[in-house]
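Peer 1: no letters, just coordinates:
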């Protein structure tokens, strides 16, 4: 009798394999963290959001390294979006 082995491990999300999927989400700026004005857009209600470029990615994302160019001044929501969290894994699955 043979017992089939299934690989049930899941890929761990880390800085080395992050796909920056969260950088495609709309990000509201709800606190002052020092986001430079050139990265700020305004929604139709006048609220501040992170500017996204025509390709849908956040304007503060370095496309070569896939890292935030304003990490120390990133919005509160970006600070709270935890790498490897349920929301992160769900977003990765949606864009994969």
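Peer 2: Received, thanks. Quick caveat: nothing in here was measured; it's all calculated off a predicted structure.
Peer 1: could you give the mean pLDDT of stretch 30-44?
Peer 2: For stretch 30-44, mean pLDDT is 95.
Peer 1: if you could redo that for stretch 57-65, that was the one I meant.
Peer 2: 94.
Peer 1: just stretch 2-9 next, same as before
Peer 2: For stretch 2-9, mean pLDDT is 67.
Peer 1: look at residue 52 and say how many residues are nearby.
Peer 2: Residue 52 has 19 neighbours, counted by other CB atoms under 10 Å. For the C-beta atoms, the positions are set from N, CA and C on the backbone; glycine is no exception.
Peer 1: one more: the one 10 residues further on?
Peer 2: The number of residues packed around residue 62, counting by other CB under 10 Å, is 10.
Peer 1: could you do residue 12 as well?
Peer 2: 9.
Peer 1: check the gap between it and residue 69 for me.
Peer 2: Using CB to CB, to the nearest Å, residue 12 is found at 25 Å from residue 69.
Peer 1: centroid-nearest residue for the chain?
Peer 2: Note on the chain: the residue nearest the mean C-alpha position is residue 22, at 2.1 Å, using CA atoms, centre = their mean.
Peer 1: would you list the phi and psi of it?
Peer 2: Here is the backbone geometry of residue 22 (degrees, to the nearest 10): phi -70, psi -20.
Peer 1: change the start of the numbering to 719 and stick with it
Peer 2: I'll keep to 719 as the first residue from here, and by that count the last item is residue 740.
Peer 1: for it, give me its contacts.
Peer 2: By CB atoms under 8 Å, 6 or more residues apart in numbering, the contact set of residue 740 is 796, 799, 805-806, 809.
Peer 1: rebuild those as CSV, extending it with secondary structure.
Peer 2: Below are those laid out as CSV (DSSP: H, G, I helix; E, B strand; the rest coil):
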residue, secondary structure
796, helix
799, coil
805, helix
806, helix
809, helix
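Peer 1: compare those residues and tell me which is most surrounded.
Peer 2: Going by other CB under 10 Å, residue 796 tops the contacts of residue 740 with 21 neighbours.
Peer 1: wait, what's in contact with the closest residue to that residue other than its chain neighbours?
Peer 2: Excluding the flanking residues, the one nearest residue 796 by CB to CB, 6 or more residues apart in numbering is residue 745, at 6.3 Å. Listed by CB under 8 Å, 6+ apart, the contact set of residue 745 reads 767-768, 776, 793, 795-796.
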